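Novice: Using only what follows, build the 3D model:
(2 chains)
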Amino acid sequence: MATPVTTSRRAGSRSHGIRRGERTAGWLFSLPVIVILGVFLFIPVLMAIWVSFSDWNGRGSPLSTSVHFTGLTNYAAVATDGGLAERNLGLALRNNAWYVVLVVPTQTALSLMLAVLVNRAILRGRSFFRTAFYFPSVTSSVAITVLWLFLFSTTGVINKVLSWFGINGPNWFHDARGIVHVALGAVGVNSPPAALANHGLFGIDWWEWLSGPSFAMTAFILMAIFTTSGTFMLLFIAALQNISPEQAEAGALDGANGWQQFWRITLPQLRPTMFTVVTLGLIGTWQVFDQIYTGTKGGPGKTTITPAYLSYQTAFEGQEWGQGSAIAFVLFLIIIAFTLLQRWALRERRLSKRRSFHHQTRGKTS
Amino acid sequence: MTWLTSRGSLGAGSLALATALVLAGCTSTSPEATPSGTLSPTSSSVGDLTSSNDPLTLLIASSGDSETKSVEAAVAAWSAKTGVQATVEVASDLAQQLAQGFAAGSPPDLFYMSPDALAGFASNGSLKAYGDFLTNKRDFYPALVDNFTVDGNFYCAPKDFSTLALVINTDMWSAAGLTDADIPKTWDDLDAVSAKLTANGHVGLAFGPQFERIGVFTAEAGGGLVVDGKAAVNSDANLTALKYVQSHLQDGTFAYSSDIGAGWGGEAFGKQLAAMVIEGNWITGFMTNDFPDVNFRVAELPAGPGGKGTLQYTNCWGMSADSPNQKAALDLVEYLTAPEQQLTFSAEFGPMPSIASAADAWTVANPTLAAFLAGALYAQYLPSQAGAGDVIADLNSQLESLKDGDPGAILDAEQANLQAVVG
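Specialist: I've put the predicted structure just below:
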């Protein structure tokens, strides 16, 4: 009877004795971060949510008594009212969607490829290549944007190189034509079928949604791939180095060729890293701002405005603070939705019945 | 305006900011006269302005070093005269910095304010409408006063202004066999000279792909975006103008500056990619600094079917409602907009005085630029109602593809947008 009492006392003394104050110390040590995140992140986010539901007009505190709750008015203005604000959001979403669709898969595939190349033991000068590939990532995006503006100017290097092959390069940062439209125009499709032209979303008809990124946006897409692949390559290298070479060896003994080893052994083990890379890629690409701000300010023909830039412009230049915040939260919801979607898509799957049967029979025969 | 110019001014701005800080340090240590009654006599109407001993802060968007130094010198002279301390800060992004100041309740006392930003800041009560208190109120050009009047309140004193005119490369002009008698007076004349001047890697006439330039043609056609307080974007006159511009973009005698590899009209002109451009007073300083070897002259824009037309651009000295020392700020504005001070500004960085009493002296000092001032008589200005800026931005995005676009459809779409803003 005494024993359990002692144990419980011992257990109690464990949390109150030697480890007494651990809880306090823990809170104390994390306090700076909590305070910093609270003051600079959490409270501002809450205030921005409030602004998006209010009629705050940019003067004085948003929490003062002269600011009123206006419900979904701001969200309606940017999403359903049929005015210019809705059209702008539609254009921004279209531009950014193309940007995401083209950047995320390409940068993921490219960074994985670079990582596999650089990770090979036989490659000479591995560290040189690793540094070279990573270099664009550590350069400031503003500096790279400026470089890009020169490279892709009308008479710039890119067009010069294209001219060697007899291609009359586009006027990149001033060309508002969508590349899908241009491609369709090349095969003679210049006007939309009525089904596309008469229906749409956010004030933009489907034909415009399908225009593809403009040449200006295409240049930004190339830039994003160029600058981010290095960072993600590092993540993949780290993951590759965690995979023991014995597994590949075992696979080789079982008769798997190099390609099969990569697809069946290496790639499945990279799934957590893949999740990280795709998530970071999605978030980064949906939030693209600095390139637009430094480079084109949304032009030509509004084909490079993105929700992040539109939010800034609406609030600071248009003085529509509520609408600007509303756009920011629409963007927030989009990012959350996409992250959940790809979390679901990349989940650990149990083998289907057919495939597990396949495996068992294989196991028996061998 | 464009990435190229804005980037340039960003660098210049940060340099100028450093200069401003150094100068500010100097003024604060120098002995000052006692703050005494050198301020303008206070009339009864000025009674609701705030007054205190607080120093003043000015926030300006400088076009470069010369403008910054010029404004700093003028403000320092006023400080020495009145004993009120005042510092000049150069904004790298004026709209953003102002918005932050208003939100935080600590805005600069005086600042550059453009007409398109006026309505937004006026509607949320950030601005003090002090125009009627100005002792030199009647001296300002009426069109400029209208430009800064919202709902019948004259908000702020125009600090200066510019108009658009036709800038001609005189070497190309004479090389094409043209003489002074050929300066275009009508659109037909313009057709003729543009065709003659289009050759050898340059176009006849270039301008930026935006309504801020193309608007001169709609003005000359007798149109405009807002007529008698109503949106009139899809008027016949505007359609005539856009079709005229479109036809010449197509035949290659006109071109957008962006299509010939320049960030804006002035750059196209300096690089000799165009024999003529439509630009404002700012081009003279730009050419002197960046392309001193290009010879040019300035002429009035040709008249279209609706007569002469051009656009004016101006900024005012905005005053914040939260400023604790509005009386001193008003006195500083009167000092900065006085004839002699505006003539000094004009000589040092370009724009024209906003007051009629300085016109003669300005013309004497700038005989070759008289065409800019002549434009003041018939200049239109862009609509400045809250939200109009977004409509113009959308119009510009459509005008970029005017060459292959449908002018009627563009104007109809923007008519609907502008009606939502203006009525």
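Novice: Tell me the residues of chain B that contact chain A?
Specialist: Contact residues, chain B versus chain A (Cβ under 8 Å from any Cβ of the partner chain): B:3, B:6-7, B:95-96, B:99, B:102-103, B:105, B:117, B:120-121, B:123-126, B:209, B:256, B:258-261, B:386-387, B:389-391, B:393-394, B:396-398, B:400-401, B:417, B:420. (C-beta placed from N, C-alpha, C; glycine too.)
Novice: Which of those are buried? Put it as a PyMOL command.
Specialist: Applying 16 or more other Cβ atoms under 10 Å in any protein chain shown to those leaves a buried subset, and the PyMOL line that selects it is:
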select buried, chain B and resi 3+7+95+99+102+103+117+120+121+123+124+126+209+256+258+259+260+261+386+387+389+390+391+393+394+396+397+398+400+401+417+420
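Novice: now, which of the residues of chain B next to chain A lie within helices?
Specialist: Residues of those located in helices (DSSP state H): B:3, B:6-7, B:95-96, B:99, B:102-103, B:117, B:120-121, B:123, B:389-391, B:393-394, B:396-398, B:417, B:420.
Novice: Point out where chain B drops to low pLDDT.
Specialist: Along chain B, segments meeting pLDDT under 70 span B:1-47.
Novice: just checking, what's the longest strand in it?
Specialist: strand B:157-169 (DSSP state E).
Novice: Give me the buried positions along the next helix or strand after that one.
Specialist: Downstream of strand B:157-169, the next assigned helix or strand under DSSP states H and E is helix B:170-175. Buried positions in helix B:170-175, judged by neighbour count with 16+ other Cβ under 10 Å: B:Met172, B:Trp173.
Novice: what's the offset of helix B:170-175 from the middle of its chain?
Specialist: 29 Å (Cα atoms, centre = their mean, to the nearest Å).
Novice: could I get it in CSV with only the CA atoms?
Specialist: What follows is helix B:170-175, C-alpha atoms only, in CSV (Å, rounded to 0.1, in the frame of the first residue of the first chain):
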residue,chain,number,x,y,z
THR,B,170,15.9,69.9,-85.3
ASP,B,171,18.7,68.0,-87.0
MET,B,172,16.3,65.3,-88.3
TRP,B,173,13.9,68.1,-89.2
SER,B,174,16.3,69.9,-91.5
ALA,B,175,17.8,66.6,-92.8
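Novice: What is the very next helix or strand once past it packed up against?
Specialist: Downstream of helix B:170-175, the first helix or strand assigned by DSSP H and E is helix B:187-197. Contact here means 3 or more Cβ pairs under 8 Å, 6 or more residues apart in numbering or on different chains; DSSP states H and E; on that basis helix B:187-197 packs against strand B:203-207, helix B:236-251, strand B:274-280.
Novice: ok, now how distant is B:Lys230 from B:Val421?
Specialist: 11 Å (Cβ to Cβ, to the nearest Å).
Novice: out of the two, which sits in the busier spot?
Specialist: B:Val421 (19 against 10; other Cβ atoms under 10 Å in any protein chain shown).
Novice: okay but the more buried one is in contact with B:Ile392, surely?
Specialist: No. Using Cβ atoms under 8 Å as the test, B:Val421 is too far from B:Ile392 to be in contact (10.1 Å).
Novice: Quick check: neighbours shared by those two?
Specialist: B:Pro383 (Cβ atoms under 8 Å, 6 or more residues apart in numbering or on different chains).
Novice: pLDDT averaged over the longest helix along chain A - what is it?
Specialist: Longest helix in chain A by number of residues (criterion: DSSP H): helix A:84-119. For helix A:84-119, the mean per-residue pLDDT is 92.
Novice: For A:Gly156, the count of nearby residues, please.
Specialist: The tally of other residues near A:Gly156 (other Cβ under 10 Å) stands at 17.
Novice: ok, now B:Ala374?
Specialist: Count around B:Ala374 with other Cβ under 10 Å applied: 19.
Novice: Provide a list of residues in contact with it.
Specialist: B:Ala374 touches B:Glu300, counting by Cβ under 8 Å, 6+ apart.
Novice: where's the helix or strand hosting it relative to the chain centroid, distance-wise?
Specialist: Using DSSP H and E, B:Ala374 sits within helix B:370-374. For helix B:370-374, the distance from its own C-alpha centre to the chain's C-alpha centre is 15 Å (Cα atoms, centre = their mean).
Novice: Alpha carbons of that helix, as PDB, please.
Specialist: This file holds the C-alpha atoms of helix B:370-374, laid out as PDB (Å, rounded to 0.1, in the frame of the first residue of the first chain):
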ATOM      1  CA  ALA B 370       7.000  79.400 -74.800                       C
ATOM      2  CA  ALA B 371       4.900  76.600 -76.400                       C
ATOM      3  CA  PHE B 372       4.500  74.900 -73.000                       C
ATOM      4  CA  LEU B 373       3.100  78.000 -71.400                       C
ATOM      5  CA  ALA B 374       0.900  78.700 -74.400                       C
END
